[in-house]
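Colleague: Below are the sequence and a predicted model; questions follow.
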Amino acid sequence: MISCRISFVLALLSVTILPSALSLSSVRISHRTTSHRLTPSQSISAKPFHSSRQQTSSRSTSTSTSLPAVEGDFDPNAIQNSKDAIQSGSLRAKLRALYKFTRPHTIRGTILASIAGTTRALIDTPGAIANAQWGALLPRAVIGMVALLLGNAFIVGINQIFDKEIDVINKPFLPVASGEMSEKVAWVAVVFSGIVGPLIVYNYFPIFLFKLYMLGWTLGGIYSVPPIQTKRNALAAGLTIATVRGFLLNFGIYYAVKDAIGAPFAWSPKVAFIARFMTAFATVIAVTKDLPDVEGDRKFNISTFATKIGVPKIAKGASFCLFLNYMHAILTGVLSKAGTFNLIPMVGGHAVLATILLARFRELEPEKLTSIKTYYKHIWDLFYLEYVLYTLI
């Protein structure tokens with residue numbers, strides 16, 4: 001049992017830390033040539049970011065990095081190189097654009113949720129690991145993860161199609177906004193994901209899970225698609241993301257695994273905790289994701305907390321709420337009945353992550369776009385690491 005849990009943790013860490021480290025190192029290299037400190041006239045509360053991006057593009061020289069643009073990084077040379085490769089028929093460049101289209105940081109979250117939820121369900125069911133029919137269980141798990149990834153691609157893909165004009169300002173590194181992917185190709189990817197994902201769930205999983213999947217599918221769709229477009233309302237947008245990524249994803253995976261091994265579903269303290277914790281965490285992500293996007297959101301009348309209240313105050317408020325979420329986790333571990341949780345990861349682990357959060361917040365410089373983006377990436381890193389603790393608590 002111990003060796004099994006260690007192997008799961010190592011798998012989670014490999015998915016969590018290595019991609020983030022590589023991504024951040026690439027960002028640092030690119031920033032040497034494509035980023036600069038915003039002057040007071042270019043701060044978030046005053047002038048928009050787009051002008052600085054245009055200046056950066058016009059001043060790109062032969063000393064610019066040839067590394068490909070990564071998630072969240074705007075490297076005009078790398079994007080142009082990618083577009084040229086796609087036009088010349090490079091399959092590798094097309095696949096990379098498709099990968100960027102799926103928003104890799106959200107894919108990591110979905111994969112980690114699948115691994116952690118499966119691990120948790122097996123650990124919570126006595127004899128499940130020893131007696132599991134792995135020949136049937138593993139293919140079913142893979143099929144389920146594919147369905148989740150297709151649902152993820154559908155939601156983030158349709159958002160990029162309908163937000164193209166906004167993304168040209170806020171997220172010019174995205175493939176539809178940058179021109180690396182045409183709207184026609186984007187629609188093909190979205191329609192394929194939006195049809196095949198539900199078909200998989202309908203044919204291989206209980207009808208209850210299909211209904212949950214379609215609820216998330218619908219909420220994710222109306223987040224971006226007019227006339228409802230819940231993203232235009234700060235509260236509705238936050239509730240949508242919190243419901244889909246916080247509750248439905250984690251509850252649905254646990255329920256699916258219990259069904260696959262023939263065990264009845266029951267709300268264990270650990271599952272109830274992760275559902276609460278991740279719903280609150282996803283709400284923080286829903287708020288902080290808008291911090292770098294105030295220019296485009298204001299131009300297109302998108303109401304977010306960042307545009308209404310300002311980046312510095314929202315960064316402080318969101319960080320405080322996330323810190324309270326960690327305190328809630330620690331108190332849950334301390335006050336629960338003895339033996340309910342493993343106290344070292346439940347109390348000590350969350351105390352460590354809360355300390356990391358405070359350290360990252362102290363490094364944040366709200367007037368710098370690069371600092372805001374880095375801080376947002378750190379929030380996602382903490383989100384990933386929570387799934388490591390979930391397998392241990």
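Modeller: Arrived safely.
Colleague: mind checking how far the most centrally placed residue in the chain is from residue 153?
Modeller: Central residue of the chain (Cα atoms, centre = their mean): residue 106, 3.2 Å from the mean position. In this view, residue 106 and residue 153 are 9 Å apart by Cβ to Cβ, to the nearest Å. Quick note: C-beta positions are derived from backbone N, CA and C, even for glycine.
Colleague: Which parts of the stretch 51-200 of the chain are helices?
Modeller: 76-87, 91-101, 104-124, 128-131, 134-162, 164-170, 175-178, 183-204 (DSSP state H, counting those that start in this stretch).
Colleague: so of those helices, which one's packed in deepest?
Modeller: Most buried of the helices of the stretch 51-200 of the chain, by mean neighbour count (mean count of other Cβ atoms under 10 Å): helix 175-178, with a mean of 24.
Colleague: who does it touch, helix- and strand-wise?
Modeller: Counting contacts by 3 or more Cβ pairs under 8 Å, 6 or more residues apart in numbering; DSSP states H and E, helix 175-178 is packed against helix 76-87, helix 91-101, helix 134-162, helix 164-170, helix 183-204.
Colleague: any idea of the mean pLDDT in it?
Modeller: If you average the pLDDT over helix 175-178, you get 94.
Colleague: Could you list the residues in contact with that helix?
Modeller: Applying Cβ atoms under 8 Å, 6 or more residues apart in numbering, the external contacts of helix 175-178 come out as 79, 82-83, 97-98, 100-101, 160-161, 164, 167-168, 171-172, 181, 183, 186.
Colleague: try it again with 6 Å
Modeller: Under the criterion Cβ atoms under 6 Å, 6 or more residues apart in numbering, residues 79, 97, 100-101, 160, 164, 167-168, 172, 181, 186 lie in contact with helix 175-178.
Colleague: and those as TSV, adding distance to residue 370 and pLDDT?
Modeller: Formatted as TSV, the contacts of helix 175-178 follow (distance: Cβ to Cβ, whole Å; pLDDT from 0 to 100):
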residue	distance to residue 370	pLDDT
79	17	88
97	24	94
100	19	94
101	23	95
160	22	96
164	24	94
167	18	91
168	19	91
172	15	91
181	25	95
186	28	97
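Colleague: which of those residues lies closest to residue 362?
Modeller: Of all these, residue 362 sits closest to residue 172, with 29.3 Å by Cβ to Cβ.
Colleague: shouldn't residue 284 be in contact with residue 322?
Modeller: Yes: with contact defined as Cβ atoms under 6 Å, residue 284 reaches residue 322; the gap is 4.7 Å.
Colleague: Now tabulate the helices and strands packed on helix 175-178 in CSV and tack on distance to residue 125.
Modeller: Shown next, in CSV, are the helices and strands packed on helix 175-178 (distance: least, Cβ to Cβ, whole Å):
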stretch, distance to residue 125
helix 76-87, 46
helix 91-101, 35
helix 134-162, 12
helix 164-170, 44
helix 183-204, 20
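Colleague: Select, out of those, the one closest to residue 368.
Modeller: Nearest to residue 368, of the helices and strands packed on helix 175-178 and by Cβ to Cβ, is helix 164-170 at 16.1 Å.
Colleague: Run the chain-centre distance for that closest one.
Modeller: With Cα atoms, centre = their mean, to the nearest Å as the basis, helix 164-170 stands 19 Å off its chain's centre.
Colleague: Dump that helix to PDB, restricted to CA.
Modeller: In PDB, the C-alpha atoms belonging to helix 164-170 read as follows (Å, rounded to 0.1, in the frame of the first residue of the first chain):
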ATOM      1  CA  LYS A 164     -10.900  36.400 -30.400                       C
ATOM      2  CA  GLU A 165     -11.100  40.200 -30.500                       C
ATOM      3  CA  ILE A 166     -10.600  40.400 -26.800                       C
ATOM      4  CA  ASP A 167      -7.700  37.900 -26.800                       C
ATOM      5  CA  VAL A 168      -5.900  39.900 -29.500                       C
ATOM      6  CA  ILE A 169      -5.400  42.500 -26.700                       C
ATOM      7  CA  ASN A 170      -5.400  40.300 -23.600                       C
END
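Colleague: who touches it?
Modeller: Taking Cβ under 6 Å, 6+ apart as the rule, helix 164-170 contacts 50, 174, 176-177, 293, 295-296, 300.
Colleague: again, only using 8 Å
Modeller: 48-50, 160, 174, 176-177, 183, 292-293, 295-297, 299-300, 302.
Colleague: How about stretch 234-242?
Modeller: With Cβ under 8 Å, 6+ apart as the test, stretch 234-242 has contacts from 219-220, 222-223, 230-231, 279-280, 282-283, 285-287, 303-305, 308.
Colleague: For PyMOL, what selects the buried ones among the residues you listed?
Modeller: Typed into PyMOL, the line below selects the buried ones among those, using 16 or more other Cβ atoms under 10 Å:
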select buried, resi 219+220+222+223+230+231+279+280+282+283+285+286+287+303+304+305
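Colleague: and residue 128, how far is that from residue 137?
Modeller: With distances taken as Cβ to Cβ, residue 128 is found 9 Å from residue 137.
Colleague: any common contacting residues for the two?
Modeller: With Cβ under 8 Å, 6+ apart, residue 128 and residue 137 have common neighbours residue 261.
Colleague: re the thing from before, how close does the residue nearest to the centre of the chain get to residue 383?
Modeller: In terms of Cβ to Cβ, residue 106 sits 10 Å off from residue 383.
Colleague: and the helix or strand residue 353 falls within, average pLDDT?
Modeller: Using DSSP states H and E, residue 353 maps to helix 350-363. Helix 350-363 carries an average pLDDT of 96.
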